[in-house]
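1. Here you go, sequence then predicted model.
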Amino acid sequence: MSDVNTTMEHTHAEAHDHAHEAHHENFFTKYLFTMDHKMIAKQFLITGIFWAIIGAFFSVVFRLQLGFPDADLSWLAPVMGRWLTPDGALDPNFYNALITMHGTLLVFFVLTAGLSGTFANFLIPLQIGARDMASPMMNMLSYWFFFLASVIMFVSLFIPDGPAQGGWTAYPPLSYLLGHGMTLWLLSLTFFVASTVLGGLNYITTILNMRTKGMSMFKMPLTIWALFFTAVIGLLSFPVLVAGFILLIFDRSLGTSFYLSDLVVNGQFLDKGTGSPILYEHLFWFLGHPEVYIVILPAMGIVSEVLSVNSKKPVFGYRAMVFSILAITILSFLVWAHHMFVSGMNPFVGSIFVLFTLLIAVPSAIKVFNWIATIWRGNIRLNPQTMYAIGFVSMFISGGLTGIFLGNSTIDIQLHDTYFIVAHFHIVMGVAAFFGMFAGIHHWFPKMFGRYMNRSMAYMHFWVTLIGAYLIFWPMHYMGMAGVPRRYYTFDAFDAFSQFAGMNVFITVVVMIVFAFQILWVANFFYSIFKGRKVKESNPWGATTLEWTTPVNPGHGNWPGEIPEVYRWPYDYNKNGHEFIPQTVPMEEGELEHEETPAPEKVS
Amino acid sequence: MSELSLNMQSHEEKQLFARSFALWIALGAILMMFAGLTSAYIVKKADSGTWTNFTIPGIFYISTLVIILSSVTMFGAQRAFRKGWMAGYRNLLLATLALGALFLALQIEGWMQLKAQGIDMVEEISGAFFYVISGAHAAHILGGIVILLIMILKISRRIKKQNTEAYLTSARKLNVTLMASYWHFIGFLWVYIFLFLLYNHN
C-alpha cells in the first residue's frame, strides 16, 4: 500500500454518509425502488446472472441433443415438461426455441444489460467523481424497463406454444409464421430497448456533465471511455432496431407486408403482396453488428484497467486506446451487411463491406498490442481478475483472427451457415466478453459488497472455463470447414457428417463440465456476498482511480465529504519511486505528466 | 461545455444542465428511429416495380402549416414566460395545444382521404409506409400534447393561487425550455417527413 493516500481514507471509512442520513430507508426504497446507482448496478448484475444461468442451461440441453441424439431425456421431464416427446427426445420445435432463447438471453439480457448495465451504473459516477447519475430517476426506470422485459420473456417460456423459435435474429418470413412466443419476444425486446436507451442517455449525459473538478476527458480511466462509446453506439443503433420491429409487428398483427412476399407454407399458398425480407435484415443488422461492440467494448475497458492496475504499469498507449475505441465505434456502423453476404447482394456492394470489415482489424490489433505491452515486464500480480483479463486477450486474439477469414465475402459465403461461424462469434464476443465481465466483477467486488470473492474457487473456475472454451469451440472450426451446417436439430440424415458424431459427444461432455464450473462461480459469488473475507482497507488493489477514495462501503452520495479533486491521469503506476499515485494527489513541482520525472543532477 | 464552468458547478447545478443535454440526446435517438423508417422506405421503393404511386391529399399541406404555426405560438409562450407574463404564457400554451390537436385531426382526415384513393395499408406497400411513418410521428405529437397538458395544469394552479413570482426558479425555466425544445423538434420532424414523402411518393 502506498503511503500517499491512506490516512485520510480510514477516517472516511469510519464516517457515515451524512448527506442521506435524514432519509428513512426501508427494504423497498433501499433494495427495490432505489435510485442509488450502486444498488441499481447490483440489480442489473444479479438479474444478468439469473438469465446467464437459464441461457447456459438451455445450451446444455441442446448440446445433449447434438451429442446424444438418441438419448432418453425423460429424466429432464420435471424441468422441460412438454418440450420432450413421449419417448424422451427433445421436440424439434423446442430445440429451435432453445437456441433462440440462448442467443437472445445471452446477447441482450446478459452481455448487454448484465455487462454494461452493471458496470456503467457502478463505475461512471464513482470513477468520474459524481455523487450519482445525472438522472437517478431515469436510471431506476432503466432497470425497471429491463425487469419488465425480463418478466415478459420469462412468461414466454411457459406459454403453450413455447417461446420464440425464429432465432435471435427473428428473420421474417419465419418470424411471421410463429405464434405467441414471437409476439412476447417482440414486446419484451421493445421494453429492453427502452431500458437501454434510457440507460445510455444517462451514461452519456453523466460522463459529459457530471465530472468532478480537474477530471478532463483525457484524465478519465479507459473503462469510462469504453462505456461512453458503448452508450453512443446503443443510442444510435437501438432506435433503428425499433423501426425494424415496428414494421415486423405490423406484418405479424395488422396484415401489412413490408417483409413478406408470396409464400408457400406446407403446400399452402399465402398471397402476401410485395415486401422484401432483406429489408428486415438490413434494419436488424444495422443494430445487430454494433451490438457486438456494445457487448465487447465494456469488457475491453475493464480489461485495460485491470491489466494496468495489476501489472503496476501505466496502460500502454492511452490515447491510442481511446482513438481505437472511437474508430471501432465509427466503423461499427459501416459493416452491417457483412452478415448478409449470402443474401444475394450485389458483389460490388459486398466488396465495400469487406473493406470496412477488414479495417476493424486495425484498431483491434492496436488494442491487443497495447494490452500485451501494458503487462510486458510489469510487476504482474496473478490474482483472479488479472487471469480473467489475460483470458480475455487470449480469446479476443483467437476469435479475432477467424474474423479476418469471415470478413472476406468469398470465404464467408462458403462458411456462413456452418459451425465455423458458431466458433468465431462465441470465442470473440461470447467467451471473451464473459472473461471481461468476470475480471470486472472480481476487481470491483470489494467495492460493491465490501468483501472479497474466494480466490481458490476463482482459479478453478478460470482454468476450466479457459481450457473448456477452447475445447468446445476449437473443433467447431474444423467441423465448419468440413461443411457441418449450424442450427440443425440432428445430423442423422447426413452420412458425410457421421464422422463428427464422436466430436459432438466430446463437445457436449465438455459443455456439461464447464457449465458445472459456472455454477461453482455463481455459488462463489453469492457465498462471498454474505460470507466472503471482509475488506479492511479502502484501496485493496493499490489503484489510482477515484472509486477507491470512497469509504469501504460508500453510502448514497459516494463521498462523505467533498468530492475529491483530480490532478493527474489515472495510470500513474511505478512513477518517481511510488508504486502508484492516486488521481487525487496534486502534481509536484516539475513533475511531468505520463512519464518519470528525470532525477535532479546531484551537486557534488 | 468548458472545463471552467464544469469545475464551478455544484452537483445539483450539473444535474440541471444535464437534463437539457439528455433531452437532445433523446431527440437524436428519436431521429435515428425515423431515419431507419425512411431508409427502409427508400430501399423498398428502389427495390422493385411493385411500388404503387399515389397523390398526397392536399389536407397534409394544411396540417403542415398548422404544426408550423404551433411552433410560433410556442415561441410566444416561451417569450411570455421569460418576461414573467404568466397569463399570456398559459394562453399561448393553450393555443399551442389547440393547434396540436387540430394537427392530429387533420392527419386522421388525411389518412381517410388516402384510403378513399384506394391506398390501403394491407394492399399497397407504399401506403403502408406512409401510414406507419406518419402514424409513428403522430404518436410523438400525442406525447407532446400530454406534456403540454401537464404544463398548462401546473401554471393554471399557480395563477389561481396568485403566486407566480415564486414560479420562476431555474428548474422551472428549464422545464419550459425542455417542453418547447421537444415541441419544436416534433414540428421540425413532421416538416422533414412531409418533404421526404412529397419528394419520394412516386
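-> Cool, got the structure.
2. now stretch A:512-523, how far from the centre of its chain.
-> Its chain's C-alpha centre and that of stretch A:512-523 lie 19 Å apart, by CA atoms, centre = their mean, to the nearest Å.
3. whoops, stretch A:140-155 was the one
-> Distance of stretch A:140-155 from the chain centroid (CA atoms, centre = their mean) equals 18 Å.
4. and if you look at stretch B:129-145?
-> Centroid displacement of stretch B:129-145 relative to its chain, using CA atoms, centre = their mean, is 9 Å.
5. touching chain A at all, it?
-> Yes: legend: contact between stretch B:129-145 and chain A by CB under 8 Å from any CB of the partner chain is shown at B:129, B:132, B:136. Every C-beta, even on glycine, is put in place using the N, C-alpha and C of the backbone.
6. Pretty sure the first one sits in a helix.
-> Yes: when classified by DSSP: H, G, I helix; E, B strand; the rest coil, residue B:129 is found to be part of a helix.
7. and it, what does it touch?
-> Under the criterion of CB atoms under 8 Å, 6 or more residues apart in numbering or on different chains, the contact partners of residue B:129 comprise A:258, B:37, B:40, B:41, B:44.
8. cool, the last one as well?
-> Taking CB under 8 Å, 6+ apart, we find residue B:136 in contact with A:246, B:33, B:34, B:37.
9. Next, count neighbours for the last one.
-> Neighbour count for residue B:37, taken as other CB atoms under 10 Å in any protein chain shown: 24.
10. most surrounded residue in the contacts of residue B:136?
-> Within the contacts of residue B:136, most neighbours by other CB under 10 Å means residue B:37, with 24 neighbours.
11. Grab the longest helix from chain A for me.
-> In chain A, taking DSSP state H as the definition, the longest helix is helix A:277-311.
12. helices or strands next to that helix in the packing?
-> Based on contacts counted as 3 or more CB pairs under 8 Å, 6 or more residues apart in numbering or on different chains; DSSP states H and E, the elements that helix A:277-311 packs against are helix A:118-128, helix A:222-253, helix A:318-332, helix A:361-375, helix A:384-407, helix A:432-449, helix B:11-47.
13. do the first one and chain B meet at all?
-> It refers to helix A:118-128. No: counting by CB under 8 Å from any CB, chain B is not contacted by helix A:118-128; separation bottoms out at 10.3 Å.
14. what angle separates that helix from helix A:277-311?
-> Taking axes from the mean of the first three to the mean of the last three CA atoms, to 10 degrees, helix A:118-128 and helix A:277-311 form an angle of 50 degrees between their directions.
15. which parts of the stretch 251-400 of chain A sit against chain B?
-> Taking CB under 8 Å from any CB, the part of the stretch 251-400 of chain A that reaches chain B is made up of A:254-258, A:273-276, A:279, A:282-283, A:286.
16. oh, I was asking about the stretch 1-150 of chain A
-> Taking CB under 8 Å from any CB as the criterion, the contact residues of the stretch 1-150 of chain A with chain B come out as A:130, A:131, A:134, A:135, A:138.
17. hmm, 7 Å instead?
-> Where the stretch 1-150 of chain A comes near chain B, counting by CB under 7 Å from any CB of the partner chain, the residues are A:131, A:134, A:135.
18. what's around the first one, how many residues?
-> What it means is residue A:131. Burial of residue A:131 is recorded as 21 neighbouring residues (other CB under 10 Å).
19. State the distance from whichever residue of the stretch 351-500 of chain A sits closest to chain B to residue A:324.
-> For the stretch 351-500 of chain A, the nearest residue to chain B under the criterion CB to the nearest CB is residue A:353, separated by 15.3 Å. In this structure, residue A:353 lies at 21 Å from residue A:324, with CB to CB, to the nearest Å as the measure.
20. can you check residue A:332 too?
-> Residue A:332 sits at a distance of 12 Å from residue A:324 (criterion: CB to CB).
21. And for residue A:407?
-> Relative to residue A:324, residue A:407 is positioned 17 Å away (CB to CB).
22. Nearest the geometric middle of the chain, what residue?
-> This is for chain A. In chain A, the centroid-proximal residue (CA atoms, centre = their mean) is residue A:111; its distance is 3.1 Å.
23. For residue A:292, which non-adjacent residue is closest in space?
-> Nearest residue to residue A:292, sequence neighbours excluded (CB to CB, 6 or more residues apart in numbering or on different chains): residue A:429, at 4.9 Å.
24. Around that neighbour, count how many other residues there are.
-> Burial of residue A:429, expressed as a neighbour count using other CB under 10 Å, amounts to 24.
25. need the contact list for it.
-> Residues counted as contacts of residue A:429 (CB atoms under 7 Å, 6 or more residues apart in numbering or on different chains) are A:292, A:295, A:296.
26. got the angle between the strand or helix carrying residue A:472 and helix A:432-449?
-> When elements are defined using DSSP states H and E, residue A:472 is found to belong to helix A:455-481. Going by the same axes, to 10 degrees, helix A:455-481 is angled at 160 degrees with respect to helix A:432-449.
27. In helix A:455-481, which residues are buried?
-> By neighbour count, and taking 16 or more other CB atoms under 10 Å in any protein chain shown as the criterion, the buried residues in helix A:455-481 are A:457-458, A:461-462, A:464-466, A:468-473, A:475-477, A:479-480.
28. pLDDT averaged over the helix or strand that comes right after that helix, what's the number?
-> Moving toward the C-terminus from helix A:455-481, the next helix or strand (DSSP H and E) is helix A:501-531. The average pLDDT for helix A:501-531 rounds to 96.
29. Would you check that residue A:186 makes contact with residue A:247?
-> No: in terms of CB atoms under 7 Å, residue A:186 does not count as a neighbour of residue A:247; the distance is 11.1 Å.
30. ok, the two, which is more surrounded?
-> Neighbours per residue, other CB under 10 Å: of residue A:186 and residue A:247, the larger number sits with residue A:247, 26 against 19.
31. Leaving out sequence neighbours, find the closest residue to that one.
-> The shortest distance from residue A:247 to any residue that is not its chain neighbour, by CB to CB, 6+ apart, is 4.2 Å, and that residue is residue A:258.
32. How about residue B:151?
-> For residue B:151, the closest residue by CB to CB, 6+ apart turns out to be residue B:179, at 5.6 Å.
33. Double-check that the one you found belongs to a helix.
-> Yes: note on residue B:179: a helix contains this position according to three-state DSSP.
34. Count the neighbours of it for me.
-> Using other CB under 10 Å as the criterion, residue B:179 is surrounded by 21 other residues.
35. surely it meets residue B:152?
-> No: with contacts counted by CB under 7 Å, residue B:179 stays clear of residue B:152, the gap being 10.3 Å.
36. separation between residue A:475 and residue A:249?
-> For residue A:475, the distance to residue A:249 equals 40 Å [CB to CB].
37. Got the phi and psi for residue 135?
-> Chain wasn't specified; assuming chain A. Per-residue torsions, residue A:135: phi -130, psi 100 (degrees, to the nearest 10).
38. re earlier: closest one of the residues of the stretch 251-400 of chain A next to chain B to chain B?
-> For chain B, the closest of these turns out to be residue A:274, at 3.5 Å, with distances computed as CB to the nearest CB.
39. Just give the number of residues close to the closest one.
-> When neighbours are counted by other CB under 10 Å, residue A:274 registers 20.
40. Over to residue A:418?
-> Residue A:418 has 19 neighbours, counted by other CB under 10 Å.
41. Might you report the residue contacts of it?
-> Contacts were defined as CB under 7 Å, 6+ apart; by that measure residue A:418 touches A:480, A:483, A:484, A:485, A:486.
42. Who does it form a beta bridge with?
-> residue A:485 (DSSP bridges).
43. Are we agreed that residue A:557 is in a helix?
-> No: assignment of residue A:557 by three-state DSSP gives coil, placing it outside any helix.
44. from memory it sits against residue A:131, does it?
-> Yes: checked against CB under 7 Å, the pair residue A:557 and residue A:131 is within contact range at 4.8 Å.
45. Next, the residue of the stretch 51-200 of chain A found nearest chain B: secondary structure please.
-> Using CB to the nearest CB, residue A:134 is the residue of the stretch 51-200 of chain A that sits closest to chain B, at 3.6 Å. Assigned by three-state DSSP, the conformation of residue A:134 is coil.
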